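[1] here is my input, please return the structure:
(one chain, ligands or ions: 1)
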Amino acid sequence: MENNIPAHVGIIMDGNGRWAKQRGLVRTQGHLEGLKAAKRIVKAASESGIKYLTLYAFSTENWKRAEEEVGFIMGLVKQYLRAEFDFSRQNRIRVRHAGDFSGLPPDIQKEISDSIADTAGFDGMQVILAINYGGRDEIIRAVRKFTAANKAGENISEQDICAYLDNPDVPDPDMIIRSAGEYRTSNFLLWESAYSEMYISDKLWPDWDKEDLAAAIANFQKRERRYGGIATR
Ligand code: FPP
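    Down below sits the predicted model:
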């Protein structure tokens, strides 16, 4: 690993609502600022040598929110995908998706597929947008895909599940970052995060900047990863 920079970082971008509330603003304003933070962090991550960045933008549970908020977040996803193409081209960023694609509204599906196709040839950092994503849902879909392709599932192995996850070629995340101080995984990359280092920051997501990512990476570099084994130093 180049200077021990985590190859794959996943981020639970939490605290947009609280950020807005603290300022007497509507929740959607928090999401708008959250999108700006996401752009700053994509840039910083790409500059720091991270190879894969998974952003938890919308969970399978987020549909429970008010229709207005759901619509607003979907609008931001669209806006991000459209407006960031120049940035993606300049920085050779490849956009990908994780989650239940078929459960997304057709217009969002189209934006996502177009971005994936337009950036497919770029060899820089890969930004994986987790939209309509749930870790349990991903595992269920993987098992269903496996059994559909292999008929019987009695001898299903770890490798079989891995092969049918949403992005089987992407390595497991080395670090999962969560902003806004909650100590939960909230159904994010459940299978893939088995040995991920967790980094929890009290800072609300809209306040995140490149220094916060740098602090998370520096913290990661001090960790000793044992993967269930014993200390090697
Ligand atoms: C969690 O904060 C945030 C979300 C559910 C939405 C995240 C979406 C974005 C930042 C915009 C889209 C991003 C991209 C990259 C396309 P919360 O609302 O749960 O905050 P709270 O816990 O303080 O209420």
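
[2] name the SS class of the closest residue to residue 224 other than its chain neighbours, please.
    What sits nearest to residue 224 in space, not counting adjacent residues and going by C-beta to C-beta, 6 or more residues apart in numbering, is residue 231, at 6.5 Å. (C-beta placed from N, C-alpha, C; glycine too.) At residue 231 the chain is in coil, as set by DSSP: H, G, I helix; E, B strand; the rest coil.

[3] now residue 231: how far from the ligand?
    36 Å (C-beta to the nearest ligand atom, to the nearest Å).

[4] pretty sure that residue is touching residue 225, no?
    No: Residue 231 lies out of contact with residue 225 (C-beta atoms under 8 Å); the separation is 10.4 Å.

[5] more crowded one of the two?
    A count of neighbours by other C-beta atoms under 10 Å puts residue 225 above the other of residue 231 and residue 225, at 11 against 6.

[6] element containing the nearest residue to residue 97 once chain neighbours are set aside, please.
    Nearest non-adjacent residue to residue 97, counting by C-beta to C-beta, 6+ apart: residue 112, 5.1 Å away. Residue 112 is located in helix 106-119, with elements delineated by DSSP states H and E.

[7] I'd like the next helix or strand past that helix.
    Counting by DSSP H and E, the next helix or strand C-terminal to helix 106-119 is strand 126-133.

[8] show me what contacts the single nearest residue of the chain relative to the ligand?
    Using C-beta to the nearest ligand atom, the closest approach of the chain to the ligand is made by residue 17 at 2.4 Å. Residue 17 makes contacts with 27, 30, as judged by C-beta atoms under 8 Å, 6 or more residues apart in numbering.

[9] ok, now which ones touch residue 73?
    31, 57-58, 62.

[10] cutoff 7 Å now
    Going by C-beta atoms under 7 Å, 6 or more residues apart in numbering, residue 73 touches 31, 58.

[11] could you pull up phi and psi at the residue of the chain closest to the ligand?
    phi -60, psi -40 (degrees, to the nearest 10).

[12] now swap in residue 52 and tell me
    Per degrees, to the nearest 10, the backbone of residue 52 is at phi -140, psi 130.

[13] was I right to think it contacts residue 128?
    Yes: using C-beta atoms under 7 Å, residue 52 makes contact with residue 128 at a distance of 6.4 Å.

[14] circling back to that earlier point, any idea how far residue 194 is from the residue nearest to residue 224?
    19 Å (C-beta to C-beta, to the nearest Å).

[15] buried residues in the lowest-mean-pLDDT helix or strand in the chain, which are they?
    When the helices and strands of the chain are scored by mean pLDDT, DSSP states H and E, helix 85-91 comes last with a mean of 92. Of all the residues in helix 85-91, those buried under the rule 16 or more other C-beta atoms under 10 Å are 88, 91.
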